[in-house]
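In: Using only what follows, build the 3D model:
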Amino acid sequence: MNDRPPEALLRIPTYLTVELVKLIRREIGDRAPTLWSGRDAAAARPPRDRVRWPHLLVLACLVSDGPTSQKRVSDRLRMDAADLVGIVDDLEAAGYAERRRDPADRRRHAVDATPEGRAFFHDDLGRRERFNDHLFAALTPAEVEQFRGLVLKVLAHHDPRFADTAGTAGT
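Out: You can find the predicted model right below:
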């Protein structure tokens, strides 16, 4: 019996994309103990081993933008505002983010990454980059860049947030 997917499915990019996402989830599950442990594991706050992708996305915005409103983060990531509140709560409980009154408008709060949050973000980003090296090991660096460029090109065609990024990757 042949376990290979039907040829018709192998010609459908969306099917291949779904299979790639499934592979990523399997690999993360298999490699999580080695990817997210290491020299800094002993000093980790409790949520560190449970930081999920949405937490990293929000932290990325806070690190790159500095103090900003939750609405701005929600809009930028196209994330439901109610979901964002829980994520910011988690980041705050971990000591990675903090809410402060906006000095320009005391009715509003601004969210910012703490120094510990910035350090965690950079450490975690390094781990995720090593994971990508593992996942895409079958490709040359030029092929990885081409893959990245093609994905950005598709995203830019459908989502204006990626419009300026499509030309930044080699295709």
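
In: Distance-wise, check the residue lying closest to residue 59 once chain neighbours are set aside relative to residue 55.
Out: Closest residue in space to residue 59, ignoring its immediate chain neighbours: residue 121 at 4.7 Å, by Cβ to Cβ, 6 or more residues apart in numbering. No exception for glycine: its C-beta is placed from N, CA and C like everyone else's. According to Cβ to Cβ, to the nearest Å, residue 121 and residue 55 sit 10 Å apart.

In: One more: residue 12?
Out: The value you get for residue 12 to residue 55, if Cβ to Cβ is used, is 32 Å.

In: Comparing these two, which residue is more hemmed in?
Out: More crowded of residue 12 and residue 55, by other Cβ atoms under 10 Å: residue 55, with 23 against 11.

In: the helices in the chain, which residues?
Out: Using DSSP state H, the helices found in the chain span residues 7-10, 13-35, 53-65, 70-77, 81-93, 115-135, 141-158.

In: tell me the most buried of those?
Out: When the helices of the chain are scored by mean count of other Cβ atoms under 10 Å, the highest mean neighbour count falls to helix 53-65 (a mean of 18).

In: model confidence over that helix, on average?
Out: Averaging pLDDT along helix 53-65 yields 93.

In: what does stretch 95-102 give?
Out: The model assigns stretch 95-102 a mean pLDDT of 92.

In: what's that stretch in contact with?
Out: 45, 55, 58-59, 62, 67, 69, 88, 91-92, 108-114, 116-117, 120-121 (Cβ atoms under 8 Å, 6 or more residues apart in numbering).

In: Report the buried residues of that stretch.
Out: Residues 96, 97, 98 are the ones in stretch 95-102 that count as buried (16 or more other Cβ atoms under 10 Å).
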